[in-house]
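[1] Starting from these lines, generate the structure:
(2 chains)
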Amino acid sequence: MAVESPPTIGEPVLRWSARAHSIGEIENELARIWSSQDLSTDMDGQPGRHIAARTSVMNLVVVARRPELAERSAATIQALTGRHPSRTIVIQSADPDGPSWLDARVEAHCVLPREDAPETCAETIHITCGGEAGHHLAAIATPLIVHDLPVTVWWPGEPPLRTRAAQDLLGTADRLVVDGSSWSGDGLDKLRDMASLQDSGRLAISDFALVRQSRWREAIASIFDDPDFLPYLRSLRRIAVTYGTHDETGAPGSTNLVKPIYHVGWLASRLGLSVTKPLAPVAGQGTAASGARGTRAGSRPAAPGRPIMGRGLVATLSDGRSEVAVVARPVVSVMPAGTTLRVELLAERRGSELRADVTAEAETVHVRVWQDGVEAWDRRFRAPRRTEVDLLAEAIESGRRDPVAVGALRSAAALVGPGGGRA
Amino acid sequence: MASGRSKGAVVAPPVDPAAVDPEQPIPARPSPRAKDAPRTMKDLRLSHQNRKSSKAKPIENVLREGLRLERVPDPSILVLFGGTGDLAHRKVIPALYQLWRTNLLPHEFMMLAIGRRPYDDESFRRDIRASLDQFSRVLPIETDVWQSFAERITYQHLDFTDPAGFDGLATRLESIDEERGTRGNRLYYLATQPSQFAEIAGQLGRVGLDHELHDGGWRRIVIEKPFGHDSESARRLNREVGKVFRESQVYRIDHYLGKETVRNLLVFRFGNGIFEPLWNRRYVDNVQITVAESIGIENRGAFYEETGASRDVLQNHLLQLVSLVAMEPPARFEADALRDEKVKVLRAISNAPEDVTEGVVRGQYGPGWVAATQVPGYRTEPDVDPASETETFVAARLMIDDWRWSGVPFYVRTGKRLPKRATEIAIQYREVPHRLFKDEGVEPDANLLAIRIQPDEGIMLRFGAKVPGLGLDVRSVTMDFTYGSAFSVDSPDAYETLILDALQGDASLFTRADEVEEAWSIVDPIIESWADGPAPDFPNYDAGSWGPAAADELLAREGRRWRRI
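    Below is the predicted model:
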């Protein structure tokens, strides 16, 4: 049914809402929206502000396994209605062991971009599936996808990348959007799964965790714009990333490591460094199996073979001639766990040393450089925190695969190694 | 370059004077080779391999790869001459605010506004804030953003003719560098009267503010159009500025080049495979470029009396659009490669006497109605000579004598008080070679590709389609792309694009000295032919019309007409 509301510039307005209980009914409702004359609104008593149906940009499939994720995703997408008109399909599962059923709400939201422009509209289909039907994501999404348009799958929460359901759905997609920094545990297993997925096909992957670091990358790259420092770039000897944790004991899996590892992955991929020793606990530190210091009362016991990360992880990279030491070091912090606090680079060249220290401050990234112990550079980069709306917009605005993201993920996965960072 | 030479490297043979003397016969035998010179392909390959190993690899900042869009300019001071003027308040400062708001300016950024009025920092900031409330592209102004931006604005009173003032300016800039970490990087933005450009550049040179520093402190100067009022004055200005700044330091702004659709023209042409093959004399019948304004001269009578439509728009905006449409693909997407190709187009435009006299129409508006409002004629506008011969409209038929465009007329027109504000490039394709459907109702128009620059930026392609039904009627339909519907993200203002490019040292969208001079060499003969001829019969078009009848005749005599916009 059509919903009458006065337009307000920039504010999405619900213009159509209907319910459906099968894919066929959804398709019928979608056809009705744009053939309905009710979508024109009165302007000063005159019929006819033209409403443009806008489904010509992309398909966005959101897999939200939990109701709160579905709500949050819907709010984010609604904020993007005017900016990225797309056919959005939000799929949520319920009662997986019950009988199969499908309940859908088909909506059209419209935005008035400016006073003299027609409203632009986008369709959102909220689908809740029960029972076996909820396991077959591709079978739900594929019939509803507008053909010839790119398909982006946004998977907030924990994407089960190894499952058949996920692989079938992602097989029809052009881009996967995730937030690796929200994954449970250290997130390194999923990082490796995601890299496998990337290398097995043409899927482009946008990880909010990596996108959020763009100003860090800009800040680090800017150091070597200086011709005096550039020669050191190929002579890195050490990369150390300090990240925040809330767990003083450093129990395994207590802190998400995706963001710190992405920093190293990016540097390694750009500099052509290969992994000679994947991430492992700092030497001299015990593992859960050896009974070293570890879990505090009430916390999850460490699995055999997992490192105690109180002193962090180390790895070794190589450019074929010399080695680059990598350290990922936890520090108890009030910042969200897994947040990068500092990236330190050490380079040595012909007896001369360059040390760079990149730290996070309130809304800036602060870069300082010392050449042979003398401070040679001090600069701040503005880096305000970006919202999920900004990140999703950037992810879906990306065209093809971003070589920076591809390389960073691949190198990050290589760092994690077959043991998942617990070698 | 490394000076060491590895064992087995190619050694140049000693120069034989006879070998380089063209008067001497060619020797029967080749010159003797050096003992270890390579003789076979294998020798050559091995010698190159040896050479490679001894060569230092060119060093690049590989961390930059893929980060282009995120790049922030170096810490810098933007020194805004004419900081109290209209251009500064309406365009430059709102653009800077928007760049700051979107985190595209460096943290260590300062704007030093220079003007003759007696402001202090606080009173100047108050004025800026009032202007932003009126002219900012995004309103309302965000308090936090404004506060951090305002901290980076400072004002200096300076009379441009006072040499001592420039000495003080040099001292002030040094102290800002020290206090704010701006590292000697400066962008001098001349938003002043054009007559002051040379004076300011000269004074900057006198006090050494043009010198780029060895440790990376760059110095650039931005000049606003008009760049002279004829070839001679343009050359003189280039010479005066060139005495102080190298060409690579000079950024001449034609703000049309910063418009999103103009930039998209390059992407459209060279980023798509299907259009460029049809972009030549074989398929294109004619090209029409219109820059129409519905407004009059807006209290700029004195200025406009000295410029007219030819100097105000034809010499810069229109010829820039012509060169972008007609240019060959540059080898690389970089400033000089692009500008080389644009200059070639300007050089290829015929200025034969018959093209100048018969291919150009001028006009001046009389009273009329525009947008349901009665407006006065040009001669009754303030500060305008009641017998003025200044043209407010010009249309020209330009012929580009090169391989691609020979025989294809480029019709260009611009004018004041036309029915609507519209800038558009229309590529009119040839008719189909054989009219298959001529007996079936209305024959469709030839294909047309229209690139709308303002308003409603977008691209439209017109083609014929069968009308549904049992017959075989054909009608023209359009495929229409509008920026507003495909990308709801606001396009940046042209000044935002251009200022950011200047801060980043990218001159691709700025006009080079030789481009300016070539453009004047096209316009000069037109103005001279008018000066040599009788007084024009002005006014010759009503405000609110599409210009004088002669502009229509310019096309009609070749069996064409202006596209209805």
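
[2] Does the closest residue to chain A within the stretch 101-250 of chain B fall in a helix, a strand, or a coil region?
    Chain A sits closest to residue B:107 of the stretch 101-250 of chain B, with a gap of 4.1 Å, by CB to the nearest CB. Heads up, the C-betas are built off the backbone N, CA and C, glycines and all. Put simply, residue B:107 is coil when judged by DSSP: H, G, I helix; E, B strand; the rest coil.

[3] Tell me how far it lies from residue B:183.
    In this view, residue B:107 and residue B:183 are 12 Å apart by CB to CB, to the nearest Å.

[4] Quickly list what's touching both of those two.
    Contact criterion CB atoms under 8 Å, 6 or more residues apart in numbering or on different chains; residues shared by residue B:107 and residue B:183: residue B:75.

[5] one step back: burial of the residue of the stretch 101-250 of chain B closest to chain A, as a residue count?
    20 (other CB atoms under 10 Å in any protein chain shown).

[6] Likewise for the one 5 residues further on?
    Around residue B:112 there are 23 other residues, counting by other CB under 10 Å.

[7] What's the separation between it and residue B:352?
    Separation of residue B:112 from residue B:352 (CB to CB): 49 Å.

[8] do the same with residue B:363
    Distance from residue B:363 to residue B:352, by CB to CB: 23 Å.

[9] Contact residues of the stretch 301-423 of chain A facing chain B?
    A:364, A:378, A:379, A:380, A:381, A:382, A:383, A:384, A:402, A:403, A:404 (CB under 8 Å from any CB of the partner chain).

[10] What about these, which are in strands?
    A:364, A:378, A:379, A:380, A:381, A:382 (DSSP state E).

[11] Drop anything exposed from those residues.
    Buried members of these, counted by 16 or more other CB atoms under 10 Å in any protein chain shown: A:364, A:379, A:380, A:381, A:382.

[12] What is the most widely separated pair among the residues you listed?
    Largest separation among these by CB to CB: A:379 and A:382, giving 11.0 Å.

[13] Common neighbours of these two, please.
    B:106, B:107.

[14] quick one: which of the residues of the stretch 301-423 of chain A next to chain B is nearest to residue A:176?
    Distances from residue A:176 to these, taken by CB to CB, are shortest for residue A:402, at 12.7 Å.

[15] Am I right that that closest one is in contact with residue B:65?
    No: the criterion here is CB atoms under 8 Å, and residue A:402 misses it with residue B:65 at 11.0 Å.

[16] Mind pulling up the pLDDT for residue A:317?
    Residue A:317 is assigned a pLDDT of 96 by the prediction.

[17] so how far is residue A:273 from it?
    In terms of CB to CB, residue A:317 sits 4 Å off from residue A:273.

[18] ok, now residue B:424?
    Counting by CB to CB, the gap from residue B:424 to residue A:273 is 52 Å.

[19] the more surrounded of the two?
    residue A:273 (24 against 20).

[20] what's the pLDDT at residue A:281?
    So, for residue A:281, pLDDT stands at 83.

[21] Quick check on it: phi, psi?
    phi -60, psi 150 (degrees, to the nearest 10).

[22] Neighbours of residue 202, how many?
    If you meant another chain, say so; for now it's chain A. Around residue A:202 there are 9 residues (other CB under 10 Å).

[23] wait, I meant chain B there
    Neighbourhood size, residue B:202 [other CB under 10 Å]: 16.

[24] do you know how far it is from residue B:238?
    14 Å.

[25] show me where pLDDT drops low in chain B?
    Scanning chain B for pLDDT under 70 picks out B:1-38, B:49-58, B:68-70, B:214-216, B:438-443, B:483-490.

[26] mean confidence for stretch A:232-246?
    93.

[27] Buried residues in it, which are they?
    Under 16+ other CB under 10 Å, the buried positions of stretch A:232-246 are A:232-237, A:239-245.

[28] Show me how far it is from its chain's centre.
    22 Å (CA atoms, centre = their mean, to the nearest Å).

[29] For residue 139, grab the count of nearby residues.
    All of this is about chain A. Neighbour count for residue A:139, taken as other CB under 10 Å: 14.

[30] My question was about chain B, not that one.
    Neighbour count for residue B:139, taken as other CB under 10 Å: 10.

[31] so how far is residue A:207 from the nearest residue to residue A:192 once chain neighbours are set aside?
    Spatial nearest neighbour of residue A:192, excluding adjacent residues (CB to CB, 6 or more residues apart in numbering or on different chains): residue A:413 at 4.6 Å. Residue A:413 sits 12 Å away from residue A:207, going by CB to CB.

[32] Between these two, point out the one with more neighbours.
    The residue with more neighbours, out of residue A:413 and residue A:207, is residue A:207; 25 against 22, by other CB under 10 Å.

[33] Now the common contact residues for residue A:317 and residue A:273.
    residue A:324.

[34] what about the helices in the stretch 101-250 of chain A?
    A:137-141, A:164-171, A:188-200, A:208-211, A:214-223 (DSSP state H, counting those that start in this stretch).

[35] ditto for the stretch 101-250 of chain B
    Secondary structure of the stretch 101-250 of chain B (DSSP H, counting those that start in this stretch): helices located at B:121-135, B:143-150, B:163-180, B:197-206, B:231-244.

[36] swap in the stretch 301-450 of chain B?
    Using DSSP H, counting those that start in this stretch, helices in the stretch 301-450 of chain B cover B:301-309, B:319-326, B:335-348, B:353-358.

[37] Of all these, which one is nearest residue A:148?
    Nearest to residue A:148, of all these, is helix B:319-326, at 30.2 Å by CB to CB.

[38] tell me how far that closest one is from the chain's mean position?
    That offset, for helix B:319-326, works out to 10 Å (CA atoms, centre = their mean).

[39] ok, residue 259 - contacts?
    I went with chain A, as the question did not name one. A:180, A:181, A:209, A:212, A:213, A:243, A:338, A:339, A:340.

[40] Chain B, not that one
    Contacts of residue B:259 by CB under 8 Å, 6+ apart are B:453, B:454, B:457, B:491, B:494.

[41] Top of the residues you listed by number of neighbours, please.
    residue B:453 (23 neighbours).

[42] Relative to residue B:125, how far out is that one?
    35 Å.

[43] tell me which parts of the stretch 51-200 of chain B are close to chain A?
    B:59, B:61-67, B:70-72, B:75, B:103, B:106-108, B:181.

[44] Repeat the analysis, applying 10 Å as the threshold.
    B:56-57, B:59-67, B:69-72, B:74-75, B:100, B:102-109, B:144, B:148, B:181, B:183 (CB under 10 Å from any CB of the partner chain).

[45] Let me know the distance separating the nearest residue in space to residue B:459 that is not next to it in sequence from residue B:260.
    In this structure, residue B:459 finds its nearest non-sequential neighbour in residue B:481, 4.8 Å apart by CB to CB, 6+ apart. According to CB to CB, residue B:481 stands 13 Å off from residue B:260.

[46] Also residue B:233?
    Per CB to CB, residue B:233 is found 32 Å from residue B:260.

[47] do residue B:317 as well
    15 Å.

[48] okay, the two: which has more neighbours?
    Higher neighbour count among residue B:317 and residue B:260: residue B:317, with 23 against 18, using other CB under 10 Å.

[49] Could you pull up the contacting residues of the spatially closest residue to the more buried one that is not a sequence neighbour?
    Excluding its sequence neighbours, the residue lying closest to residue B:317 (CB to CB, 6+ apart) is residue B:256, at 4.5 Å. Neighbour list for residue B:256: B:225, B:262, B:291, B:313, B:316-318, B:320-321, B:324, B:423, B:453-454, B:494, B:509 [criterion: CB atoms under 10 Å, 6 or more residues apart in numbering or on different chains].
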